[in-house]
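S.K.: Give me a 3D structure for the following:
(chains A and B)
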Amino acid sequence: MRNEEIIKISNEKETADFGRSLADKLVPGSVVALTGDLGAGKTTLTKAIAAGLGIEAVITSPTFTIVKEYYGGRLPLYHFDVYRIGDEEEMFELGYEEYFYGEGVSVVEWADIIEDLIPEDAIRIRIEYGQNEGERIYTCTF
Amino acid sequence: MIDGKLAVLAIESSCDETAAAVVLDGRDVRSNIISSQIETHKLYGGVVPEIASRQHLTNVNWVVDSALEEAGASMDDIDVIGVTYGPGLVGALLIGLATAKAYALACGKPLVGVNHIAGHISANFIEHPELEPPFMALVVSGGHTNLVEVRSYTDFHVLGGTRDDAVGEAYDKVARVLGLGYPGGPLIDKIAKEGDPEAVHFKRVYLEKGSLDFSFSGIKTGVLNYINSEKQAGREIHVPDVAAGFQAAVLDVIVDKTMSAAKDLGKDKIVMAGGVAANSRLREMMQQQCDKNGIALYRPSPILCTDNAAMIGCAAYYKYMAGGTDGLDLDAIPNLEL
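M.R.: Got it, this is the predicted structure:
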């Protein structure tokens, strides 16, 4: 049985803290599967994880190119946005397995679109809006 | 050589489009073939996958053949092979690059790798025969948002870029939120004309004082918050007003930063490039500001704004003339910087 944890995030600082502590747990081949609506803060959380890995580059949205790679941190970061993926076959054409099972950490936005390809031991985080403005609820499965 | 001019065969496959072109002396476009323009589904009897590199593979040979045929050229007439090697989707880039290398090796032609962004900017040289560097360039598209000081045909200096979403992406996402469909840019541009840009105010994000960077991810949250709070209050959403308000918030910042960069660096020319350069409101606002400040404004026609190979042929020509050939070990670089 895997652990489910619900975390309330009230502001950007708490996102940064969460990203840092999550980054500390990541090892080569870790996959972090993010789900949540448009504007929920998937890229914002990815930025926090990248900072936690010690990556200094600016993390920009990978929506257009599906995946962006970042080096220079403790581990390489492969940042995916699979929103534009039509079917899972396209992930194979991208060579996704070389990222997911490679030397770095994969963070996948809109992971529910490629549910069958997400490794079983992936860290899953569902992001939802909280009651107050700026507040987010992270439902995490470790 | 064709008609005494240096002939470049150019290939572009950085994202969704497979494209090839024959360009003479950098500015004389003899052919410019873009796969999606020809009805691929009619040719192949199916839907075109949005991003499949397999599609590039299916397309690339006939696109190159069509470019040569339309130019009335054979490989013997071609002097240089130009190709996009980044930034873009790695699997997509590799198809164009492998094709270009194969031609370069088999036909013994020099290979010139081109940065896709440099290509977008160079589209203006094709459109405006009199245009020469130096100038300020604003590159706005689905994947890129950059302010670039163009010092010469091959010397580009990036002054600012997006820290999160590209501007075209912000349009697509907000169009999705408003239920307008895809592609968001033209749809918002159109419906915003019926709206009042001051009816709904969204925050302009300028970042730190003096910064020429952009941030567009907050505005989609702003639009979402607005829609949710209006719905909760039981009020009807007037989509044209929201679209106009969003567009005003984004374009105000883009125009302000572009103008201030041009003025600070004493540039009397501004060049627009990329798919969003086709946006009618952006063009209007830029024209107004440029007229006021005595700056000449350039922008390519819509066909040269979108991804195409003619612009790559132009950039390849100038890089080649500056001695910039590449070896057959040239690699695709997804995050290539200018």
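S.K.: For the residue nearest to residue B:188 when sequence neighbours are not counted, give me phi and psi.
M.R.: Computed as Cβ to Cβ, 6 or more residues apart in numbering or on different chains, the closest residue to residue B:188 that is not its neighbour in sequence is residue B:243, at 4.8 Å. Glycine gets a C-beta too; all of them are placed from N, C-alpha and C. Per-residue torsions, residue B:243: phi -60, psi -40 (degrees, to the nearest 10).
S.K.: Then residue B:135?
M.R.: Here is the backbone geometry of residue B:135 (degrees, to the nearest 10): phi -160, psi 170.
S.K.: Quick check: the gap between it and chain A.
M.R.: Residue B:135 is 25 Å from chain A, where distance means Cβ to the nearest Cβ, to the nearest Å.
S.K.: Can you give me the neighbour number for that residue?
M.R.: Residue B:135 is flanked by 22 other residues according to other Cβ atoms under 10 Å in any protein chain shown.
S.K.: Ranking helices and strands of the chain by mean pLDDT, which lands last?
M.R.: This is for chain A. Counting by mean pLDDT, DSSP states H and E, chain A has its least confident helix or strand at helix A:89-94, which shows a mean of 82.
S.K.: switch to chain B, that's the one I care about
M.R.: Taking mean pLDDT, DSSP H and E as the measure, helix B:40-44 is the helix or strand of chain B with the lowest mean score, a mean of 46.
S.K.: follow-up on the earlier one: only C-alpha atoms, please: export the least confident helix or strand of chain A in PDB.
M.R.: Backbone C-alpha positions of helix A:89-94 (Å, rounded to 0.1, in the frame of the first residue of the first chain) are rendered in PDB as follows:
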ATOM      1  CA  GLU A  89       2.300   6.000 -29.500                       C
ATOM      2  CA  GLU A  90       3.600   9.500 -29.900                       C
ATOM      3  CA  MET A  91       5.500   9.200 -26.600                       C
ATOM      4  CA  PHE A  92       7.400   6.200 -28.000                       C
ATOM      5  CA  GLU A  93       8.400   8.400 -31.000                       C
ATOM      6  CA  LEU A  94       9.700  10.900 -28.600                       C
END
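S.K.: tell me how far that helix is from the chain's mean position?
M.R.: Offset of helix A:89-94 from its chain centre (Cα atoms, centre = their mean, to the nearest Å): 19 Å.
S.K.: Ok, stretch B:329-338 next?
M.R.: The answer for stretch B:329-338 is 17 Å, by Cα atoms, centre = their mean.
S.K.: That one: which residues count as buried?
M.R.: B:330, B:332, B:334, B:336, B:338 (16 or more other Cβ atoms under 10 Å in any protein chain shown).
S.K.: how long is that stretch from one end to the other?
M.R.: Start-to-end span of stretch B:329-338 (Cα to Cα, to the nearest Å) is 20 Å.
S.K.: which outside residues touch it?
M.R.: If you take Cβ atoms under 8 Å, 6 or more residues apart in numbering or on different chains as the criterion, stretch B:329-338 is touched by A:65, A:67-69, B:85-90, B:93-94, B:97, B:101, B:111, B:113, B:115-118, B:146, B:148, B:156-158.
S.K.: what's the nearest residue to residue 57 if we skip its chain neighbours?
M.R.: Here I'm looking at chain A. Per Cβ to Cβ, 6+ apart, closest to residue A:57 is residue A:70, 5.3 Å.
S.K.: I was thinking of chain B, sorry if that wasn't clear
M.R.: residue B:95 (5.3 Å).
S.K.: So what does the one you found look like in phi/psi?
M.R.: Dihedral angles (degrees, to the nearest 10) for residue B:95: phi -60, psi -50.
S.K.: Look up the closest residue to the residue most central in space within chain B, ignoring the ones flanking it.
M.R.: Nearest to the mean C-alpha position of chain B, counting by Cα atoms, centre = their mean, stands residue B:274 at 2.6 Å. Setting aside the residues directly before and after it, residue B:274 is nearest to residue B:141 in space (Cβ to Cβ, 6+ apart), at 3.3 Å.
S.K.: right, and residue A:91 touches residue A:114 too?
M.R.: Yes - taking Cβ atoms under 8 Å as the definition, residue A:91 is a contact partner of residue A:114 at 5.7 Å.
S.K.: can you give me the strands for the stretch 201-338 of chain B?
M.R.: B:269-273, B:296-298 (DSSP state E, counting those that start in this stretch).
S.K.: likewise chain A?
M.R.: Applying DSSP state E to chain A gives strands spanning A:4-9, A:31-35, A:67-70, A:77-81, A:105-109, A:123-129, A:136-141.
S.K.: Can you tell me which of these is nearest to residue B:35?
M.R.: strand A:67-70 (22.2 Å; Cβ to Cβ).
S.K.: buried set for the closest one?
M.R.: Buried-residue list, strand A:67-70, by 16+ other Cβ under 10 Å: A:67, A:68, A:70.
S.K.: give me the number of residues near the residue lying closest to the second one once chain neighbours are set aside?
M.R.: Just to be clear, that refers to residue A:68. Closest residue to residue A:68 apart from its sequence neighbours, by Cβ to Cβ, 6+ apart: residue A:62 at 4.3 Å. As a burial measure, residue A:62 scores 26 neighbours (other Cβ under 10 Å).
S.K.: so where's the chain shaky on pLDDT?
M.R.: Looking at chain A here, since you left the chain open. Along chain A, segments meeting pLDDT under 70 span A:1.
S.K.: actually it's chain B I care about, not the one you picked
M.R.: B:37-52.
S.K.: okay, now the domains of it?
M.R.: Domains of chain B are assigned by automatic domain parsing as B:7-121+B:305-321, B:133-302.
S.K.: Please identify the deepest-packed of those domains.
M.R.: domain B:7-121+B:305-321 (a mean of 22; mean count of other Cβ atoms under 10 Å in any protein chain shown).
S.K.: My read is that residue B:268 contacts residue B:295, right?
M.R.: Yes - with contacts counted by Cβ under 8 Å, residue B:268 reaches residue B:295, the gap being 5.6 Å.
S.K.: Report the contact partners of the residue nearest to residue A:68.
M.R.: Counting by Cβ under 8 Å, 6+ apart, residue A:62 touches A:68, A:79, A:80, A:81, A:109.
S.K.: How about the contacts made by the first one?
M.R.: Going by Cβ under 8 Å, 6+ apart, residue A:68 touches A:59, A:60, A:62, A:78, A:79, B:334, B:335.
S.K.: where does stretch B:186-196 sit relative to the chain's centre, distance-wise?
M.R.: 21 Å.
S.K.: residues in contact with the helix or strand containing residue B:106?
M.R.: Under the criterion of DSSP states H and E, residue B:106 resides in helix B:90-107. With contacts defined as Cβ under 8 Å, 6+ apart, helix B:90-107 is touched by A:67, A:93-95, B:9, B:11-16, B:18, B:51, B:53, B:56-57, B:60-61, B:64, B:75, B:78, B:81-86, B:109-111, B:113, B:328, B:330-334.
S.K.: Who are the packing partners of the following helix or strand past it?
M.R.: Following helix B:90-107 in sequence order, the next helix or strand is strand B:111-115 (DSSP H and E). Here strand B:111-115 touches strand B:80-86, helix B:90-107, helix B:310-321, going by 3 or more Cβ pairs under 8 Å, 6 or more residues apart in numbering or on different chains; DSSP states H and E.
S.K.: With adjacent residues omitted, what lies nearest to residue A:96?
M.R.: residue A:117 (6.6 Å).
S.K.: how far out from the middle of the chain is stretch B:314-329?
M.R.: In terms of Cα atoms, centre = their mean, the centre of stretch B:314-329 is set 20 Å apart from its chain centre.
S.K.: and if you look at stretch B:222-233?
M.R.: Worked out by Cα atoms, centre = their mean, stretch B:222-233 lies 32 Å from the chain centre.
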